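Asks: mind folding the following:
(one chain, ligands or ions: 1)
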Amino acid sequence: MKSGGGGISDIIWEGSAATPVTLRLPLTTRRPSPHLFGDCLTFLLASTPGNRLGLLSKMRPQGLWRSLGLIQRSSTRSFLPAGASRCNIRHLSSAPRVPDFAFAFDIDGVLLRSSKPIPGAAESLALLKKEGIPFILLTNGGGKHETERVAEISEKLNISLDADVIIQSHSPFAELVRGTETQPPLENKRVLVVGGDGNRCREVAERYGFRNVITPGDIFMANSSIWPFSKVFQDYYKTFTRPLSHTGDSSDPTKGLKVDAILVFNDPRDWALDAHIIVDLLLSSQGVLGTLSEKNGKTDLPNHGYQQDGQPPLYFSNPDLWWAAAYSLPRLGQGGFREALEGTWSAITGGPSKGVELYKTVIGKPSQGTYEFAENQLLRNRSKAFGFDTTRPLRNVYMVGDNPESDIRGANSYRSAHDSRWHSILVRTGVYRGGEPTWTPETIADDVHKAVEWGLQHSKWEVK
Ligand SMILES: [Mg+2]
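Replies: Numbering: from 1, shown residues only. Here you go, the predicted model:
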């Protein structure tokens with residue numbers, strides 16, 4: 001942990017092998033607030049049917065300071081025994097009425113690949129549904145509302161799924177509407193929503209409850225001189241942008257425009273425009289576009305005066321550097337955009353070698369908070385299925401993922417407040433293709449079907 005001064009403290013953990021990620025926190029807490037994800041829990045409670053308030057008090061998170069993967073559980077590789085198959089599973093101990101285990105699946109590279117089902121995915125989920133074994137879909141993807149996303153997956157896999165089985169990378173942003181311990185409510189503040197196709201992330205943000213949402217495209221269409229090279233994308237921006245409601249200067253509606261928070265919901269489509277507007281805001285005075293803070297570069301101030309003048313907080317929803325797409329090699333994800341922005345920020349400010357950080361908050365896998373969020377949702381779904389008087393606690397969760405940096409790292413590092421143990425299973429159908437993974441999983445399976453088989457066998461579940 002390093003102190004950033006000026007009311008800010010940084011928690012740093014490795015966002016990738018090469019570059020640390022910094023979490024911006026108030027000095028008063030000196031550690032990440034538990035409330036962002038704890039309050040997100042409240043959001044999910046409100047957004048899913050049923051009375052779960054009784055369980056809420058039992059599920060308060062244990063503090064996000066514990067949540068950053070700083071504790072690394074030792075893991076050993078234990079491959080599926082040769083010859084093991086579903087036939088073997090049938091001969092293991094008799095099935096408990098209530099399973100004491102569950103599954104968590106990444107989506108891209110595990111269940112789907114470039115929107116097409118991966119062989120065995122539909123059958124695996126259908127089997128778990130038939131057996132009454134809870135599962136959740138935990139993705140660093142996003143860009144659309146949870147209900148849309150789950151409907152799309154249901155159709156592609158030809159299986160009926162409820163919205164409460166999915167957690168997307170930006171789902172926790174919903175809590176910022178009402179605010180957290182470290183972030184005043186943003187419901188009526190102007191937020192810049194970055195990333196995603198057209199208007200989709202703006203619409204998601206509005207469904208979460210943000211009432212004043214603008215996009216970089218809105219700013220560009222109001223004054224294209226802010227980044228003239230994006231004129232080649234003008235036809236695209238015309239399809240969804242909205243006039244800025246700010247009326248300070250009709251000749252330039254961007255003049256005096258104040259932004260209160262920057263939320264990177266999804267992978268930016270126009271990296272240059274988005275990065276430039278973010279940089280403009282981070283260098284501004286009080287988040288007012290077109291201004292420059294006089295504190296920038298003042299070496300007698302914390303962080304050399306950068307981000308010390310009321311600039312908007314910056315949130316990222318997904319740290320993934322890579323994701324598995326249709327192309328033969330993995331593609332850069334939101335983490336790639338963040339690294340590019342960090343590099344630009346360092347070039348402008350002097351960067352870490354001069355003692356200047358980029359203050360930001362990054363959520364999504366592999367953070368402890370996201371896994372905690374997922375486990376709480378699993379527990380609620382489990383209670384919904386089996387009742388609150390469940391006598392068998394959730395002992396094991398099998399995290400099936402294709403990305404060692406997010407899925408495996410997160411599962412290996414996670415510390416459950418409910419004494420469940422998370423097992424990491426790496427599949428070969430996505431980002432990981434072979435060799436020594438950067439984070440060692442508990443086991444490696446060829447695909448999701450084999451991964452489910454391994455989990456069932458580990459929990460001695462007899463398939464009927
Ligand atoms: Mg994946």
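Asks: what number of residues lie near whichever residue of the stretch 51-200 of the chain sits closest to the ion?
Replies: Minimum separation of the stretch 51-200 of the chain from the ion (C-beta to the ion) falls at Gly109, amounting to 3.7 Å. Bear in mind the C-beta positions are built from the backbone N, C-alpha and C, glycine included. For Gly109, the tally of surrounding residues (other C-beta atoms under 10 Å) stands at 25.
Asks: how close does the nearest residue to it once chain neighbours are set aside get to the ion?
Replies: The shortest distance from Gly109 to any residue that is not its chain neighbour, by C-beta to C-beta, 6 or more residues apart in numbering, is 1.9 Å, and that residue is Gly430. Gly430 sits at a distance of 5 Å from the ion (criterion: C-beta to the ion, to the nearest Å).
Asks: got the domain boundaries for this structure?
Replies: The chain is divided into the following domains under the TED database: 101-170+366-459, 172-362.
Asks: please state the offset of the longest one from the chain centre?
Replies: Taking C-alpha atoms, centre = their mean, to the nearest Å, one finds the center of domain 172-362 at 17 Å from the center of the full chain.
Asks: over it, what's the mean pLDDT, rounded is fine.
Replies: Regarding domain 172-362, the rounded mean pLDDT is 95.
Asks: does it come close to the ion?
Replies: No: no part of domain 172-362 sits close enough to the ion to count as contact by C-beta under 5 Å from the ion; the gap is at least 5.8 Å.
Asks: distance between the ends of that domain?
Replies: End-to-end distance for domain 172-362: 11 Å, by C-alpha to C-alpha, to the nearest Å.
Asks: whatever residue of the stretch 251-400 of the chain ends up closest to the ion: what's it in contact with?
Replies: Sorted by distance to the ion under C-beta to the ion, the residues of the stretch 251-400 of the chain start with Ala324, at 5.8 Å. For Ala324, the contact set (C-beta atoms under 8 Å, 6 or more residues apart in numbering) comprises 108-109, 113-114, 330-331, 402-403, 430-431.
Asks: buried among the residues you listed? Need that as a selection in ChimeraX.
Replies: Isolation of the buried members of those (16 or more other C-beta atoms under 10 Å) is achieved in ChimeraX through the command below:
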select :108,109,113,330,402,403,430,431
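Asks: farthest pair in the contacts of Ala324?
Replies: Ser114 and Asn403 (15.4 Å; C-beta to C-beta).
Asks: now, which of the contacts of Ala324 lie within strands?
Replies: 113, 331 (DSSP state E).
Asks: against Pro366, how distant is Arg421?
Replies: In this structure, Arg421 and Pro366 are separated by 17 Å, where distance is defined by C-beta to C-beta, to the nearest Å.
Asks: the two: who's more crowded?
Replies: Here Arg421 and Pro366 are set side by side on neighbour count (other C-beta under 10 Å), and the busier one is Pro366, at 28 against 15.
Asks: how far away is the closest residue to the more buried one other than its chain neighbours from the ion?
Replies: By the measure of C-beta to C-beta, 6+ apart, the closest residue to Pro366 outside its immediate chain neighbours is Gly410, 3.1 Å from it. Computed as C-beta to the ion, the Gly410 to the ion distance reads 12 Å.
Asks: name the element Gly410 belongs to?
Replies: Assigned by DSSP states H and E, Gly410 belongs to helix 409-413.
Asks: after that helix, next one along is what?
Replies: Past helix 409-413, heading to the C-terminal end, the next element that is a helix or strand (DSSP H and E) is strand 421-427.
Asks: what strands flank that following strand, and is each parallel or antiparallel?
Replies: The partner list of strand 421-427 in its sheet, established with DSSP bridges, is strand 396-401 (parallel), strand 443-445 (parallel).
Asks: for it, which positions count as buried?
Replies: Taking 16+ other C-beta under 10 Å as the neighbour-count basis, strand 421-427 is seen to contain the buried residues 422-427.
Asks: cool, stretch 153-173 as well?
Replies: So for stretch 153-173, counting by 16+ other C-beta under 10 Å, buried means 153-154, 157, 159, 161, 163-173.
Asks: same question for stretch 103-111.
Replies: Residues 103-111 are the ones in stretch 103-111 that count as buried (16+ other C-beta under 10 Å).
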